[in-house]
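> the following comprises the amino acid sequence and a computationally predicted model.
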Amino acid sequence: MSKPKINLVLVSYLNTLPFLEGFNCNPNHGFNLLFKTPSEGAKSFFNNEAPIALIPIGSLIHQNEYSICTDYCIGCDGAVRTVGVFSDCPLNDLERVYLDEDSRTSVLLVKCYSKSRP
């Protein structure tokens with residue numbers, strides 16, 4: 001009898017493809033891959049639906065019970081262009097920004113950006 005597969009959450013975004021390629025190269029990897037949005041993946045991880053997850057750093061802010069199990073991540077050493085604010089008027093004239101709640105990290109980045117604006 002084979003061992004049951006371990007649930008592993010991956011975010012369903014393009015930047016996860018390098019991780020996915022590693023799993024595709026080894027079809028006997030032993031994981032049940034679950035593809036979710038960043039917020040859904042974090043919920044699954046913290047609700048113990050998956051013991052391992054690739055989740056955004058923003059989801060760890062108010063959490064105490066987790067450990068980092070590898071040196072690998074989706075990261076950047078330089079400018080990040082994955083979060084965009086689009087408007088028909090100058091950003092300084094905006095009174096309200098509507099955010100996609102699927103990515104807490106994106107929400108936090110927009111909040112940081114708006115606080116740094118003069």
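On my side now, so go ahead. Numbers count the residues shown, from 1 in each chain.

> let me see the ranges of the helices in this protein.
17-24, 38-46, 104-116 (DSSP state H).

> what's the most buried one of these?
helix 38-46 (a mean of 20; mean count of other Cβ atoms under 10 Å). (Glycine included, C-beta is placed from N, CA and C.)

> what is it packed up against?
Helix 38-46 is packed against strand 6-11, strand 31-36, strand 52-53, helix 104-116, with contacts defined by 3 or more Cβ pairs under 8 Å, 6 or more residues apart in numbering; DSSP states H and E.

> quick one: contacts of the helix or strand of the chain with the lowest mean pLDDT?
Least confident helix or strand of the chain, by mean pLDDT, DSSP states H and E, is helix 104-116 with a mean of 75. Contacts of helix 104-116 with the rest of the structure, by Cβ atoms under 8 Å, 6 or more residues apart in numbering, involve 38-39, 42, 56-59, 61, 80, 82-83, 85, 97, 99-101.

> got a PyMOL select line for the buried ones in these?
In PyMOL, a selection of the buried entries from the contacts of helix 104-116 looks like this (16 or more other Cβ atoms under 10 Å):
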select buried, resi 38+39+42+56+58+59
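
> hmm, which two among the contacts of helix 104-116 are most spread apart?
The most widely separated members of those, counting by Cβ to Cβ, are 42 and 85 (22.8 Å).

> so what's residue 12 up against?
So residue 12 contacts 35, 36, 37 (Cβ under 8 Å, 6+ apart).

> any idea how far the second one lies from residue 56?
The reference is to residue 36. 11 Å (Cβ to Cβ, to the nearest Å).

> any shared contact partners between those two?
What both residue 36 and residue 56 touch, as defined by Cβ under 8 Å, 6+ apart, is the set residue 11.
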